[in-house]
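Participant: Sequence first, then the predicted structure:
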Amino acid sequence: MSTDKNSITVFEHDPLRFDPEEQCISLDQLRALQQHYGQSGVPYYSLINQGVKFNEYVGVIQVGKTVIEVLPKVEKAGIDDENKDKWRKRLIGMLKAVGNFDVKISSESSLKVKPNTILDLYFELFIKEVEYLLHNGLIKQYRKKEGNVGALKGNLLFGKHIQQNLTHQERFYVRHNTYDVNHQLHFILYKTIRLLQQINTNSGLQSRIGALLLHFPEMPDMKVSEATFDKLVFSRKSQSYQKAIEIAKLLLLQYHPDVNKGRNHVLALMFDMNRLWEKFVYRSLYKHKVEGMSVKEQCPMDFWKATEGKYSSRLQPDIVVEYAKKTVVLDTKWKNLNGSNPSPDDLRQMYVYHEYFDASHVALVYPGNNKDVQNGEFHPTKNSASTKKCSVITLKVEADIITWQREIHKHLAPFFNLQESTVCSKTEHTAMEGKTALTHSC
């Protein structure tokens, strides 16, 4: 574990305790985390004696002005600055590859502030998006407006007109349409800017947040919920707002203010590493697929249905690859086997996938320090003499994301019966594309 004045860095599955001597987290911060856990039942961490223990989720949790950064890991590594920076870059690279940072910038080099955590990166991406919108001019929309005006327009609300203007015959109480910048998209963006002003701890971003508040028109406060964002419809005119609104949604919905003490607010931007690993492997295969290959994720299939009632169950493997009239089913697991066998439950699940998807091969895919393949077969049943192939594949974690994606496809290609020449030509073509290929693949 690593700490400084305003940040704490841990790895997934690490504990974090209140310690009066080390002052890792204060007692107030521990209580805020406990309260947040009790209110939301969050899966990011579990409660332990005088502390919390993080689960397989990674990202950042900000408690008051203290940022707790949770990084992924495969090996038992130290918490030195070099190792922290290595895994932070990998995590950001994986999030970019699966589309979580699908914004107008093509690389981190165009950012003005070097992020200390993923939270800083999200903050600056939002700021950059809003700066872009201000530079191009905020859009206007029609909205209903009700009140007293000096000239009759729209619909005269006779009851309210008589009530308010009995002694002011020069005024009219009407409901009419107006065309201005006061609409819901700007309400959301303004609320997010005000939130950043309150919780930002990066001094390099403070002046830019202040500039946004200065140039952005003041908007009324509004309550936001999941339904608020579900109702938004983006037109051709407002399409440029979509990325800023996506980040605003992430920040506003994950922010939980401490209404009792008003200082230990909690903001959690956490990602399930199992899901992120699954999407990263899928994106890597999809990005490098050859002609005639189909790569699908989360392919559901009906498995069981009750004869009475609506009860049913479905199978949903992580990745299904079809090529040359053969089907390969992959199930990804974010954990290091360290030479041990997969769990019996995972193997039983792969056997069912083999049956229901009529697969030629199934495989469990893990990250690790080295590349490795353990080929195996399910024992034949009494009614069938045929063997079913199931492999345990370990993919080496690479430092460079583009190289890592290329190596994932290259390492898995033999299971799809791809010829070596096909893999090499596709790999060389992608390597020439460089970072542009990564940007477009997102």
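Facilitator: Great, that's in hand. All of these numbers come straight from a predicted model, not from anything done at the bench. Residues are numbered from 1 along each chain as shown.
Participant: can you list the domains in the protein?
Facilitator: Using automatic domain parsing, the domain parsing of the chain gives 2-137+184-273, 141-180, 288-441.
Participant: Would you convert those domains into CSV that also reports mean neighbour count and distance to Tyr282?
Facilitator: Where you see a C-beta, it was placed from the backbone N, CA and C, and this is true even at glycine. Putting the domains of the chain into CSV (neighbours: other Cβ atoms under 10 Å; distance: least, Cβ to Cβ, whole Å) gives the following:
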stretch, mean neighbour count, distance to Tyr282
domain 2-137+184-273, 17, 8
domain 141-180, 12, 38
domain 288-441, 15, 4
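Participant: Can you lay out the ones you listed as CSV showing mean pLDDT and distance to Phe280?
Facilitator: Converted to CSV, the domains of the chain look like this (pLDDT from 0 to 100; distance: least, Cβ to Cβ, whole Å):
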stretch, mean pLDDT, distance to Phe280
domain 2-137+184-273, 84, 5
domain 141-180, 81, 38
domain 288-441, 82, 8
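Participant: of all those domains, which lies closest to Val281?
Facilitator: domain 288-441 (5.2 Å; Cβ to Cβ).
Participant: so how far is that closest one off the chain centroid?
Facilitator: Mean-position distance between domain 288-441 and its chain equals 23 Å (Cα atoms, centre = their mean, to the nearest Å).
Participant: And for stretch 244-254?
Facilitator: Relative to the centre of its chain, stretch 244-254 is centred 11 Å away, using Cα atoms, centre = their mean.
Participant: May I have that stretch exported as CSV, CA atoms only?
Facilitator: Output of stretch 244-254 as CSV, limited to C-alpha atoms (Å, rounded to 0.1, in the frame of the first residue of the first chain):
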residue,chain,number,x,y,z
ALA,A,244,-19.7,14.8,-22.0
ILE,A,245,-23.1,13.6,-20.9
GLU,A,246,-21.8,10.1,-20.6
ILE,A,247,-19.0,11.2,-18.2
ALA,A,248,-21.4,13.4,-16.4
LYS,A,249,-23.7,10.5,-15.8
LEU,A,250,-20.8,8.4,-14.5
LEU,A,251,-19.8,11.1,-12.0
LEU,A,252,-23.3,12.3,-10.9
LEU,A,253,-24.8,8.9,-10.3
GLN,A,254,-21.8,7.5,-8.5
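Participant: neighbouring contacts of it?
Facilitator: Identification of contacts with stretch 244-254 by Cβ atoms under 8 Å, 6 or more residues apart in numbering yields 103, 122, 125-126, 129-130, 133, 185, 188-189, 191-192, 195-196, 224-226, 229, 232, 267-269.
Participant: how close does Gly292 sit to Ala306?
Facilitator: Using Cβ to Cβ, to the nearest Å, Gly292 is found at 40 Å from Ala306.
Participant: which residues sit in contact with Arg31?
Facilitator: Arg31 sits next to Asn264 when contact means Cβ under 8 Å, 6+ apart.
Participant: A helix includes it, no?
Facilitator: Yes. Counting by DSSP: H, G, I helix; E, B strand; the rest coil, Arg31 is part of a helix.
Participant: residue ranges for the helices of the stretch 251-400 of the chain, please.
Facilitator: For the stretch 251-400 of the chain, helices defined by DSSP state H, counting those that start in this stretch occupy the ranges 273-287, 344-356.
Participant: again, but for the stretch 1-150 of the chain
Facilitator: Using DSSP H, counting those that start in this stretch, helices in the stretch 1-150 of the chain cover 27-40, 81-97, 118-136.
Participant: Including distance to Glu56, could the ones you listed go into CSV?
Facilitator: Shown next, in CSV, are the helices of the stretch 1-150 of the chain (distance: least, Cβ to Cβ, whole Å):
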stretch, distance to Glu56
helix 27-40, 16
helix 81-97, 13
helix 118-136, 16
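Participant: one step back: and the helices of the stretch 251-400 of the chain as JSON lines, adding distance to Lys396?
Facilitator: Converted to JSON lines, those look like this (distance: least, Cβ to Cβ, whole Å):
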{"stretch": "helix 273-287", "distance to Lys396": "13"}
{"stretch": "helix 344-356", "distance to Lys396": "21"}
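Participant: Filter the contacts of stretch 244-254 down to just the ones in strands.
Facilitator: Secondary structure from DSSP state E places Leu267, Ala268, Leu269 of the contacts of stretch 244-254 in strands.
Participant: Could you tell me how far the nearest residue to the last one once chain neighbours are set aside is located from Val70?
Facilitator: Looking back up the chat, that one is Leu269. Distance criterion Cβ to Cβ, 6 or more residues apart in numbering; nearest residue to Leu269, sequence neighbours excluded, is Gly59 at 4.8 Å. With distances taken as Cβ to Cβ, Gly59 is found 6 Å from Val70.
Participant: do the same with Ile408
Facilitator: Separation of Ile408 from Val70 (Cβ to Cβ) stands at 24 Å.
Participant: Could you do Pro367 as well?
Facilitator: For Pro367, the distance to Val70 equals 17 Å [Cβ to Cβ].
Participant: likewise Leu133?
Facilitator: Leu133 sits 31 Å away from Val70, going by Cβ to Cβ.
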